[in-house]
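Participant: this one's structure only:
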Ligand code: DHB
Ligand code: FE
């Protein structure tokens, strides 16, 4: 692999620390419980998962050495707190595909492990919280939120979070202000918004934990293309969880999380004020 790892903040970002934070974040959000899942459904899903596993073992004649390596690795994923990362990188994209297959409005994609609710509320034209002299190319991201029937959605909420110019997310890497590059923008009475931020760097999933070991053992790479995360919502409409990418950016064509869709690739041009880039992107929400 020829890519250089971006400079680390003074205190090292580690898989175990970001994994622990991601695990804690997932637990606190409790999107799903376990008690309300039907017994027959659990039976079907788990039985088929096991049958697929048994089939792979037979077809490839899995050895005891490989079985033990798998066991050791699974134990380590838990110890490193990397289940949220593992699942969101290698599994979530298909869950998202199935969940949203009937939508008519804008495309969504995976949420990933780093969303935090409750980011600072900002007016329709705003700058995301960032450090003084935050590194990275300035980006003006603007557009309009409307309903599938074309009605502009006044007061729609555009929650945005993304990595910094070193590929780090606030609250999951040390040394960053709490809400750095996270904000909840309230659109104006025509559903319009304009968000000033910086372009994030490509994101490398932690290489020093269990997921990193798997990537190395399998000869894969650990990269996601640079991306903006968004949740867009309005009363009476279905929330969209999505990400947007940058045309021509590294790993847009080979995202390890397989979360890129053609509709999600932005094509920024020079900013009107000569400072960095700007791009328009509209969101269309399905009715609830
Ligand atoms: C992961 C990280 C991301 O930033 C993302 O968007 C999706 C997945 C991860 O490390 O699992
Ligand atoms: Fe991400």
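Facilitator: Received, thanks. Keep in mind that what you see is a predicted model, and the values were worked out from it rather than measured. Residues are numbered from 1 along each chain as shown. Ligands and ions are numbered 1, 2, ... in the order given.
Participant: is it true that residue 142 touches residue 193?
Facilitator: Yes - shown here, residue 142 and residue 193 form a contact pair, counting by Cβ atoms under 8 Å, at 6.3 Å. Quick note: C-beta positions are derived from backbone N, CA and C, even for glycine.
Participant: residue closest to the middle of this protein?
Facilitator: residue 112 (3.5 Å; Cα atoms, centre = their mean).
Participant: Not counting residues beside it along the chain, what's closest to that one?
Facilitator: Leaving aside its sequence neighbours, residue 112 sits nearest to residue 88 (Cβ to Cβ, 6 or more residues apart in numbering; 5.0 Å).
Participant: In which helix or strand does that neighbour reside?
Facilitator: Residue 88 is part of helix 83-90 when elements are defined by DSSP states H and E.
Participant: Quick one: list the elements packing against the helix or strand just after that helix.
Facilitator: Next in sequence after helix 83-90, counting helices and strands by DSSP H and E, comes helix 92-99. Contacting helix 92-99 under the criterion 3 or more Cβ pairs under 8 Å, 6 or more residues apart in numbering; DSSP states H and E is no other helix or strand.
Participant: Residues contacting helix 92-99 from elsewhere in the structure, which ones?
Facilitator: Helix 92-99 has contacts (Cβ atoms under 8 Å, 6 or more residues apart in numbering) with 108-112, 241, 257-259.
Participant: tell me the mean pLDDT for that helix?
Facilitator: For helix 92-99, mean pLDDT is 96.
Participant: Can you tell me the strand partners of the helix or strand following that helix and which way each runs?
Facilitator: As assigned by DSSP H and E, the chain's next helix or strand after helix 92-99 is strand 121-122. Looking at strand 121-122 with DSSP bridges, its partner strands are strand 182-186 (parallel).
Participant: For the following helix or strand past the partner strand, enumerate the helices and strands it packs against.
Facilitator: Going down the chain from strand 182-186, the next helix or strand is strand 192-198, by DSSP H and E. With contacts defined as 3+ Cβ pairs under 8 Å, 6+ apart, strand 192-198 has these neighbours: strand 125-127, strand 138-147, strand 157-162, strand 182-186.
Participant: Check the offset of the third one from the chain's centre.
Facilitator: Centroid separation for strand 157-162 versus its chain: 11 Å, with Cα atoms, centre = their mean, to the nearest Å.
Participant: Please determine whether that strand lies in contact with ligand 1.
Facilitator: No - shown here: strand 157-162 not in contact with ligand 1 (Cβ under 6 Å from any ligand atom), separated by at least 8.5 Å.
Participant: Make 44 the first number, not 1, from now on.
Facilitator: In the new numbering, first residue 44, that becomes strand 200-205.
Participant: So among the contacts of helix 135-142, where is pLDDT lowest?
Facilitator: residue 155 (92).
Participant: circling back to that earlier point, other residues contacting the helix holding residue 131?
Facilitator: So helix 126-133 is contacted by 58, 61-62, 65-66, 68-69, 120, 153-156, 248-249, 252-254, 267, 299-300 (Cβ under 8 Å, 6+ apart).
Participant: Sounds good, over and out.
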